[in-house]
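> just the structure for this:
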Amino acid sequence: MTERTAISTTDAPAPAHTFSQGVRKGNFVQVSGQGPVDPATNEYLFPGDVAAQTTRTLQNVEAILAAGGATFDDVMMLRVYLTKREDFATMNDAYGEFVGSRVKGGVLPSRTTVFTGLPREEMLVEIDAIAIVD
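Numbering: from 1, shown residues only. Model (predicted):
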(Lines give C-alpha, C1' and ligand atoms only; values in the text may rest on other atoms or scores of the structure.)
Protein backbone atom coordinates (compact mmCIF):
# COMPACT_ATOMS: atom_id res chain seq x y z
CA MET A 1 0.00 0.00 0.00
CA THR A 2 1.28 3.47 -0.88
CA GLU A 3 2.03 5.86 1.97
CA ARG A 4 0.35 9.21 2.24
CA THR A 5 2.89 12.05 2.41
CA ALA A 6 2.59 15.75 3.13
CA ILE A 7 3.61 18.17 0.40
CA SER A 8 5.49 21.21 1.62
CA THR A 9 7.22 24.08 -0.17
CA THR A 10 8.46 27.54 0.75
CA ASP A 11 7.26 28.69 -2.70
CA ALA A 12 3.69 28.78 -1.36
CA PRO A 13 2.32 30.17 1.90
CA ALA A 14 2.70 28.05 5.00
CA PRO A 15 -0.64 26.68 6.18
CA ALA A 16 -2.26 28.97 8.72
CA HIS A 17 -4.04 26.15 10.52
CA THR A 18 -3.82 22.43 11.12
CA PHE A 19 -3.52 21.09 7.58
CA SER A 20 -0.86 20.36 4.95
CA GLN A 21 -0.26 22.51 1.87
CA GLY A 22 -0.97 19.34 -0.05
CA VAL A 23 -1.00 15.57 0.27
CA ARG A 24 0.23 12.90 -2.11
CA LYS A 25 -0.68 9.23 -2.06
CA GLY A 26 0.57 7.17 -4.99
CA ASN A 27 -0.15 9.17 -8.10
CA PHE A 28 -2.91 11.26 -6.47
CA VAL A 29 -2.10 14.86 -5.41
CA GLN A 30 -4.52 17.06 -3.46
CA VAL A 31 -3.67 20.76 -2.99
CA SER A 32 -5.33 22.50 -0.04
CA GLY A 33 -7.27 25.66 -0.70
CA GLN A 34 -4.95 28.55 -1.47
CA GLY A 35 -5.51 32.28 -1.37
CA PRO A 36 -3.76 35.43 -2.60
CA VAL A 37 -0.93 35.24 -0.08
CA ASP A 38 2.72 36.14 -0.60
CA PRO A 39 4.73 33.08 0.51
CA ALA A 40 7.67 35.22 1.66
CA THR A 41 5.68 37.55 3.92
CA ASN A 42 2.39 35.66 4.49
CA GLU A 43 0.59 38.90 3.63
CA TYR A 44 -2.70 38.90 1.75
CA LEU A 45 -2.16 40.73 -1.54
CA PHE A 46 -4.19 42.85 -3.96
CA PRO A 47 -7.17 43.90 -1.82
CA GLY A 48 -10.23 44.44 -4.00
CA ASP A 49 -8.55 43.10 -7.20
CA VAL A 50 -10.01 39.67 -7.99
CA ALA A 51 -7.93 39.26 -11.19
CA ALA A 52 -4.62 39.80 -9.38
CA GLN A 53 -5.81 37.66 -6.45
CA THR A 54 -6.75 34.85 -8.85
CA THR A 55 -3.32 34.91 -10.49
CA ARG A 56 -1.46 34.96 -7.14
CA THR A 57 -3.65 32.15 -5.83
CA LEU A 58 -2.98 30.00 -8.90
CA GLN A 59 0.77 30.65 -8.53
CA ASN A 60 0.50 29.21 -5.00
CA VAL A 61 -1.45 26.19 -6.29
CA GLU A 62 1.18 25.69 -9.00
CA ALA A 63 4.04 25.76 -6.46
CA ILE A 64 2.39 23.06 -4.35
CA LEU A 65 1.62 20.95 -7.43
CA ALA A 66 5.31 21.19 -8.42
CA ALA A 67 6.42 20.20 -4.92
CA GLY A 68 4.18 17.15 -5.25
CA GLY A 69 5.62 16.25 -8.67
CA ALA A 70 2.65 17.53 -10.69
CA THR A 71 1.89 20.22 -13.27
CA PHE A 72 -1.33 21.76 -14.56
CA ASP A 73 -1.35 19.02 -17.23
CA ASP A 74 -1.88 16.56 -14.36
CA VAL A 75 -4.74 18.54 -12.78
CA MET A 76 -8.10 16.85 -13.09
CA MET A 77 -10.17 19.36 -11.10
CA LEU A 78 -9.90 22.87 -9.72
CA ARG A 79 -12.43 24.32 -7.31
CA VAL A 80 -12.75 28.08 -7.19
CA TYR A 81 -14.46 29.81 -4.29
CA LEU A 82 -15.54 33.42 -4.83
CA THR A 83 -17.09 35.85 -2.38
CA LYS A 84 -19.02 37.85 -4.99
CA ARG A 85 -20.99 36.67 -8.01
CA GLU A 86 -20.11 39.89 -9.88
CA ASP A 87 -16.40 38.88 -9.76
CA PHE A 88 -16.99 35.74 -11.83
CA ALA A 89 -16.18 37.15 -15.31
CA THR A 90 -13.01 38.89 -14.10
CA MET A 91 -11.85 35.79 -12.22
CA ASN A 92 -12.68 33.62 -15.22
CA ASP A 93 -10.54 35.76 -17.54
CA ALA A 94 -7.52 35.72 -15.19
CA TYR A 95 -8.02 31.99 -14.53
CA GLY A 96 -8.30 31.19 -18.24
CA GLU A 97 -5.14 33.12 -19.09
CA PHE A 98 -3.12 31.47 -16.31
CA VAL A 99 -4.33 27.89 -16.63
CA GLY A 100 -4.56 27.98 -20.42
CA SER A 101 -0.92 29.02 -20.69
CA ARG A 102 0.19 26.08 -18.54
CA VAL A 103 -1.84 23.23 -20.01
CA LYS A 104 0.29 21.86 -22.82
CA GLY A 105 -1.85 18.80 -23.57
CA GLY A 106 -4.81 20.88 -24.73
CA VAL A 107 -7.33 19.44 -22.23
CA LEU A 108 -8.24 21.94 -19.55
CA PRO A 109 -9.00 20.66 -16.04
CA SER A 110 -12.58 20.35 -14.87
CA ARG A 111 -13.74 23.17 -12.60
CA THR A 112 -16.41 24.04 -10.12
CA THR A 113 -17.03 27.62 -8.97
CA VAL A 114 -18.81 28.25 -5.68
CA PHE A 115 -19.94 31.56 -4.20
CA THR A 116 -19.36 31.64 -0.44
CA GLY A 117 -17.78 33.44 2.49
CA LEU A 118 -14.03 32.95 2.92
CA PRO A 119 -11.86 32.84 6.07
CA ARG A 120 -10.40 36.34 5.66
CA GLU A 121 -12.32 39.46 4.70
CA GLU A 122 -9.64 40.53 2.19
CA MET A 123 -9.85 37.20 0.33
CA LEU A 124 -11.97 37.40 -2.79
CA VAL A 125 -10.91 33.98 -4.10
CA GLU A 126 -9.66 30.61 -2.87
CA ILE A 127 -8.67 27.67 -5.11
CA ASP A 128 -7.83 24.01 -4.51
CA ALA A 129 -6.74 21.29 -6.93
CA ILE A 130 -6.75 17.56 -7.50
CA ALA A 131 -4.08 16.05 -9.80
CA ILE A 132 -3.15 12.56 -10.91
CA VAL A 133 0.48 12.10 -11.87
CA ASP A 134 1.41 9.43 -14.44
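
> residue 92 is in what secondary structure piece?
helix 88-102 (DSSP states H and E).

> got the buried residues for that helix?
90, 91, 92, 94, 95, 98, 99 (16 or more other CB atoms under 10 Å). Yep, even glycine has a C-beta here, placed from its N, CA and C like the rest.

> the residue lying closest to residue 38 once chain neighbours are set aside: how many residues sit nearby?
Excluding the flanking residues, the one nearest residue 38 by CB to CB, 6 or more residues apart in numbering is residue 45, at 5.5 Å. Other residues within reach of residue 45, judged by other CB atoms under 10 Å, total 16.

> average pLDDT for stretch 96-109?
The average pLDDT within stretch 96-109 is 95.

> got a list of contacts for it?
54, 55, 58, 62, 71, 72, 73, 75, 76, 77, 78, 129 (CB atoms under 8 Å, 6 or more residues apart in numbering).

> partners of the helix or strand where the last one lies in the sheet?
Spelled out, it's residue 129. Secondary structure assignment for residue 129, by DSSP H and E: strand 125-132. Note on strand 125-132: by DSSP bridges, its sheet partners are strand 28-34 (antiparallel), strand 75-82 (antiparallel).

> same list (the ones you listed) but as CSV, adding distance to residue 123 and mean pLDDT.
Shown next, in CSV, are the strands paired with strand 125-132 (distance: least, CB to CB, whole Å; pLDDT from 0 to 100):
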stretch, distance to residue 123, mean pLDDT
strand 28-34, 10, 98
strand 75-82, 9, 98
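
> what's the most buried one of these?
Comparing the strands paired with strand 125-132 by mean neighbour count (mean count of other CB atoms under 10 Å), strand 28-34 ranks first with a mean of 22.
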